[in-house]
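Novice: how does the following fold in three dimensions:
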Amino acid sequence: MSLTPSNMLPLGTSAPNFNLIDVVSERMITLDDVKSEVATVVMFICNHCPYVKHIQSELVKIAEDYIPEGISFVAISSNDVENYPEDSPELMKTLARQWGYPFPYLYDETQAVAKAYDAACTPDFYVFDGSLELVYRGQLDDSRPGNEKELTGKDLRNTLDDIIKGNPVSEEQWPSQGCNIKWKK
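Specialist: Predicted coordinates:
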């Protein structure tokens with residue numbers, strides 16, 4: 001496990017499109033299928049990463065809290081499943097059902113989507129406004145496995161609250177930190 005920070009894609013970047021398989025519904029999902037007129041949260045996660053496991057419950061709570069506010073969520077796993085079989089689509093489906101994901105969990109087999117988003121780690125969060133322009137990228141909060149800080153999701157929650165209230169999103173943002181995306185050789 002290599003602690004890796006997110007790359008912090010420039011604010012204002014347009015959301016890259018995707019067309020990926022949702023491991024639960026087994027349907028192809030595009031950005032247009034999941035985008036919201038309020039905000040769209042794109043999360044790069046995976047099954048095996050201890051940083052993702054640490055925040056799993058909060059991811060579900062945040063989605064459940066903000067989907068009724070018109071915010072959409074989508075999770076993408078881009079890891080090399082040949083070398084990391086715990087991240088296979090079959091096990092992604094099992095995990096999504098176990099946790100009751102209220103959002104699609106997509107498999108990026110070619111890793112092209114992770115590259116388009118300049119994703120570096122799991123978890124990595126991107127929030128796009130109703131025009132699909134990037135207004136937030138970075139951490140869920142500053143809780144990490146073993147650092148004894150409370151898991152609150154405050155950074156992502158504050159961003160989503162500002163969007164709902166029509167307030168500008170603070171440009172003071174901190175990179176997420178987690179396992180590096182497992183790139184294919």
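Novice: where along the chain do the helices fall?
Specialist: Here the chain has its helices, by DSSP state H, at 31-34, 50-66, 89-99, 112-116, 154-165.
Novice: parallel or antiparallel, list what pairs with the helix or strand bottoming out on mean pLDDT in the chain.
Specialist: Between all helices and strands in the chain, the lowest mean by mean pLDDT, DSSP states H and E belongs to strand 3-5, at a mean of 83. Using DSSP bridges, the strands paired with strand 3-5 in its sheet are strand 177-180 (antiparallel).
Novice: tell me the pLDDT at Asn147?
Specialist: Note for Asn147: predicted pLDDT of 88.
Novice: still on that earlier bit, check which residues of the least confident helix or strand of the chain are buried.
Specialist: Thr4, Pro5 (16 or more other C-beta atoms under 10 Å). (Glycine included, C-beta is placed from N, CA and C.)
Novice: next one: Ser78 from Arg144, what distance?
Specialist: 21 Å (C-beta to C-beta, to the nearest Å).
Novice: of those two, who's got more company?
Specialist: Ser78 (28 against 17; other C-beta atoms under 10 Å).
Novice: which residues touch the more buried one?
Specialist: Contacts for Ser78 (C-beta atoms under 8 Å, 6 or more residues apart in numbering) come out as Phe44, Cys46, Asp108, Gln111, Val113, Ala114, Ala119, Ile181.
Novice: report the two of these separated the most.
Specialist: Using C-beta to C-beta, the contacts of Ser78 span at most 13.4 Å, a distance reached by Cys46 and Val113.
Novice: more neighbours: which of the two?
Specialist: Cys46 (27 against 22).
Novice: now do the contacts for that one.
Specialist: Here Cys46 is in contact with Val52, Ser77, Ser78, Asn79, Tyr84, Asp87, Thr122, Cys179, Lys182 (C-beta under 8 Å, 6+ apart).
Novice: can you check Tyr136 too?
Specialist: Here Tyr136 is in contact with Leu11, Phe125, Tyr126, Val127, Leu156, Thr159, Val169, Gln173 (criterion: C-beta under 8 Å, 6+ apart).
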